[in-house]
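>>> Only the shape, not the letters, is given here:
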């Protein structure tokens, strides 16, 4: 008698602990091995791009908070940069420094969320997650001082930021900068040298540099594949040309590199913040911008290096108070396009871990 | 079977008296536990079987309730301790330090709707939690909780424990298969493969203990431990610890229920009290493992100063805490790595341990204290050397970082805008 086997198709998601939101994969398994993956999107579609056409340029900032809700500052920054490009506004220096400090803090917070949830995907019973969230909490406290909100921040405005940092923000930031490297060492002690993490993540889910570039992947995933591409260096915006930092990048492009690049980026972000704190000088935080921004007819594309990759806003103005068209190039969505290529052939457990390292956020994927 | 138990003898002799069974109810030497000294029992002659039944029932009732209660307390302890490991507080609302939390959980589970999937195999689905839970209770039948305080003095006690724990693989497969759910099926198939594999190193690691003590009975194993077998069998202890945590699928080996992959594995479709019973079995497992390990490797109830029951509890607690620590720290293996770890790692190590122990027993059949300490030295050296060797063969300690290449895209500036 011969035993007959047949592939089995399983829906991973939309309600699944490891899909980081309402993402759904229709996966075909041959035993434990992934044969086919088909992503199904759109469960969190809110029509942010269309909604943007109904709001004034300033009001759209609140919509951008809801895109990648663990990195709202970066979304704010990308949007206001585009509006400033479109309307020809020049923000004051202090505002730019504050924005960069906020964006880099947000990058650390976003990478902390990634690290914690990735270890959850690896099956670590939420211990690293709680550790990472302990520090994310401190960053959120800093944001609360800056703008009163913790998640949906809406701190930035076209032409600057909406208020200066309060007096007690700077000592708190100093304390955070002093503590944080030790905490990163702590995570590395728990995770980076861990035998099980190494055996699970090394040489698993490899993405080659060619494929990454051809699929227009950006962010830490691209850098983990060995491509030195960071918009902060390649196309400096704000004051990134005035600070010194390195771009960490990996060699193999496996899951471990994608994790390790992010940890190194946290350290680099701390360096950037330190330099910003040294360089920032008192002054106005918002240039003279009318309440209703009316950019001239035209179009602009602004982009920043968000924690998850290149976040771009393409705005078209017809001269009115609201954008005529707003197109968002969200890194999570573009990075998802390689999903099938790096998952097929690996096992179920690797699939979850590799999917975790892409670090998507459904608010941004479905917009 | 129950004769050696002090409480059993007291109850039996109270009911049946000296006339029922003179062998039982003769007074023991002073200082020993046992017979209360009643000459005439409460029951008339010819009703000794009732006395036997009542005494047996009372003692089993006591033990089962004690285990259930300690399982409930253990759920509180585990959640609380893991809370501390994870830099949070844990349940602290109901009762002092949240001690009444298990009761709240129980009430919640009792009040929940008990759903059965439409395509489920109803009979198997319903019986699986019971099949899962009963072996956990049966293990405690042969565990000596204290000096002459046990239910049964089986002369094949260890064999009984091994055969009873094997049933949990069947229970997991029953639950997974009957649920008619693909996730559950994944968990069930993984479960069978993993549990059957880890039986082998687990049994082999016990064989060393059996060789040293010369008995299969848990009671005589405890009595034969002049030194704790942890000292004489470090490798066996480690292998048993790992294999047991795989057997009860806790975190480094929890791919049967793999929360992040197959959501809850075999108990994904369970709800209400059936789920509660499955969880109770899962939380009783560390206690059972702790009890077995304390008996086999840590001298059981033996110890100075403190009462024997307290010693036993302390030893069980330390093992349980060790298991908890492992659980809170490590991430999960992949399915092929977990099988490789059993067959390529633990199985050869268990064979080495067995081989070395067998030779030692052959050379020193009745060792004196000096020879015992010599065996301790040899075994620890063997343990350290073989573990280091295996870690270097199987492990991935070195992670070489490749040199980064510069991208052709680096330095391109923005074109749009």
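Cool, the structure landed. For clarity, every value in this text was computed on a predicted model and none was experimentally measured.
>>> mind listing what the nearest residue to residue A:168 once chain neighbours are set aside touches?
Leaving out its chain neighbours, the residue that sits closest to residue A:168 by CB to CB, 6 or more residues apart in numbering or on different chains is residue A:145, at 6.6 Å. Yep, even glycine has a C-beta here, placed from its N, CA and C like the rest. Residue A:145 makes contacts with A:165, A:166, A:168, A:169, A:172, as judged by CB atoms under 8 Å, 6 or more residues apart in numbering or on different chains.
>>> any chance of those residues in TSV, with secondary structure, neighbour count and pLDDT too?
Converted to TSV, the contacts of residue A:145 look like this (DSSP: H, G, I helix; E, B strand; the rest coil; neighbours: other CB atoms under 10 Å in any protein chain shown; pLDDT from 0 to 100):
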residue	secondary structure	neighbour count	pLDDT
A:165	coil	21	85
A:166	coil	10	89
A:168	coil	9	89
A:169	helix	17	90
A:172	helix	15	90
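>>> thinking again about what came up before, can you tell me the SS state at the residue nearest to residue A:168?
With DSSP: H, G, I helix; E, B strand; the rest coil as the basis, residue A:145 sits in helix.
>>> if I look at it, how far off is chain B?
Distance of residue A:145 to chain B, given as CB to the nearest CB, to the nearest Å: 23 Å.
>>> Quick check, pLDDT for that residue.
Note on residue A:145: pLDDT of 89.
>>> go on, the one 4 residues further on?
Note on residue A:149: pLDDT of 86.
>>> Spatially, which residue comes closest to it, not counting chain neighbours?
Using CB to CB, 6+ apart, the closest residue to residue A:149 is residue A:143 (6.9 Å).
>>> dump the residue contacts of that neighbour.
Per CB under 8 Å, 6+ apart, neighbours of residue A:143: A:73, A:102, A:105, A:149, A:150, A:153, A:155.
>>> And the helix or strand encompassing residue A:355, what does it pack against?
Assessed by DSSP states H and E, residue A:355 sits inside helix A:348-358. On a contact count with 3 or more CB pairs under 8 Å, 6 or more residues apart in numbering or on different chains; DSSP states H and E, helix A:348-358 meets strand A:24-30, strand A:33-40, helix A:93-121, helix A:195-201, helix A:255-279, helix A:339-343.
>>> interface residues of the stretch 1-150 of chain B facing chain A?
B:82, B:85, B:86, B:87, B:88 (CB under 8 Å from any CB of the partner chain).
>>> The helix or strand containing residue B:131 packs against which elements?
Using DSSP H and E, residue B:131 sits in helix B:122-139. Packing partners of helix B:122-139 (3+ CB pairs under 8 Å, 6+ apart): helix B:48-85, helix B:157-178, helix B:272-297.
>>> neighbouring contacts of that helix?
In contact with helix B:122-139 (CB under 8 Å, 6+ apart) are residues B:64, B:67, B:116-117, B:160-161, B:164-165, B:167-168, B:170-172, B:174-175, B:177-179, B:269-270, B:274-275, B:277-278, B:280-281, B:284-285, B:288, B:291-292.
>>> Please pick the buried ones from the residues you listed.
Neighbour counting with 16 or more other CB atoms under 10 Å in any protein chain shown marks B:67, B:116-117, B:160-161, B:164-165, B:168, B:170-172, B:174-175, B:177-179, B:269-270, B:274-275, B:277-278, B:280-281, B:284-285, B:288, B:291-292 as buried within the contacts of helix B:122-139.
>>> Am I right that residue B:357 is in contact with residue B:210?
No - taking contacts as CB atoms under 8 Å, residue B:357 lies outside contact range of residue B:210: 9.5 Å.
>>> More neighbours: which of the two?
residue B:357 (24 against 17; other CB atoms under 10 Å in any protein chain shown).
>>> Does the more buried one belong to a helix, a strand or coil?
helix.
>>> To what extent is the residue nearest to it when sequence neighbours are not counted buried, counted in neighbours?
Computed as CB to CB, 6+ apart, the closest residue to residue B:357 that is not its neighbour in sequence is residue B:208, at 4.1 Å. If you count neighbours by other CB under 10 Å, residue B:208 ends up with 28.
>>> List the contacts of residue B:208.
Residue B:208 neighbours (CB under 8 Å, 6+ apart): B:233, B:235, B:236, B:353, B:354, B:357.
>>> Pick the one among these closest to chain A.
residue B:235 (18.8 Å; CB to the nearest CB).
>>> Name the helix or strand for the closest one, please.
helix B:234-247.
>>> That helix relative to helix B:157-178, how many degrees between them?
For helix B:234-247 against helix B:157-178, the angle by axes from the mean of the first three to the mean of the last three CA atoms, to 10 degrees is 30 degrees.
>>> Just the buried residues of the helix holding residue B:131, please?
Applying 16+ other CB under 10 Å to helix B:122-139 flags B:125, B:127, B:128, B:129, B:131, B:132, B:133, B:135, B:136, B:137, B:138, B:139 as buried.
>>> Including pLDDT, could those go into a markdown table?
Output for the buried residues of helix B:122-139, formatted as a markdown table (pLDDT from 0 to 100):
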| residue | pLDDT |
| --- | --- |
| B:125 | 90 |
| B:127 | 90 |
| B:128 | 90 |
| B:129 | 90 |
| B:131 | 90 |
| B:132 | 88 |
| B:133 | 88 |
| B:135 | 88 |
| B:136 | 86 |
| B:137 | 87 |
| B:138 | 87 |
| B:139 | 88 |
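>>> now those residues as a markdown table including distance to residue B:379?
Output for the buried residues of helix B:122-139, formatted as a markdown table (distance: CB to CB, whole Å):
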| residue | distance to residue B:379 |
| --- | --- |
| B:125 | 47 |
| B:127 | 44 |
| B:128 | 41 |
| B:129 | 41 |
| B:131 | 38 |
| B:132 | 36 |
| B:133 | 37 |
| B:135 | 31 |
| B:136 | 31 |
| B:137 | 34 |
| B:138 | 31 |
| B:139 | 27 |
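>>> now, among those, which is nearest to chain A?
residue B:125 (20.3 Å).
>>> still on that earlier bit, any idea which element the residue nearest to residue B:357 lies in?
Assigned by DSSP H and E, residue B:208 falls in helix B:182-213.
>>> pLDDT of that helix, averaged?
On average, helix B:182-213 scores 88.
>>> How about it, which residues are buried there?
Those buried within helix B:182-213 under the rule 16+ other CB under 10 Å are B:183-195, B:197-199, B:201-210, B:212-213.
>>> and if you look at stretch B:299-307?
B:299, B:300, B:301, B:302, B:303.
>>> Phi, psi for residue A:9 please.
Dihedral pair for residue A:9: phi -100, psi 130, per degrees, to the nearest 10.
>>> With residue A:148 as the reference, measure out to it.
48 Å (CB to CB, to the nearest Å).
>>> sorry, back to before: which one of the residues of the stretch 1-150 of chain B next to chain A is nearest to residue A:204?
residue B:86 (26.2 Å; CB to CB).
>>> wait, that closest one sits on residue A:124?
No - in this structure residue B:86 lies outside contact range of residue A:124 using CB under 8 Å: 10.2 Å.
>>> who's more crowded, those two?
Taking neighbours as other CB under 10 Å, residue B:86 and residue A:124 compare with residue A:124 leading, 26 against 19.
>>> Just the element for the more buried one, please.
Residue A:124 belongs to no helix or strand, assigned by DSSP H and E.
>>> Apart from its chain neighbours, what residue comes closest to it?
residue B:331 (4.0 Å).
>>> separation between the residue nearest to residue B:328 when sequence neighbours are not counted and residue B:51?
Distances taken as CB to CB, 6+ apart place residue B:85 nearest to residue B:328, at 3.9 Å, with adjacent residues excluded. Plainly put, residue B:85 is 50 Å away from residue B:51 if you go by CB to CB.
>>> Perfect, I'm done here.
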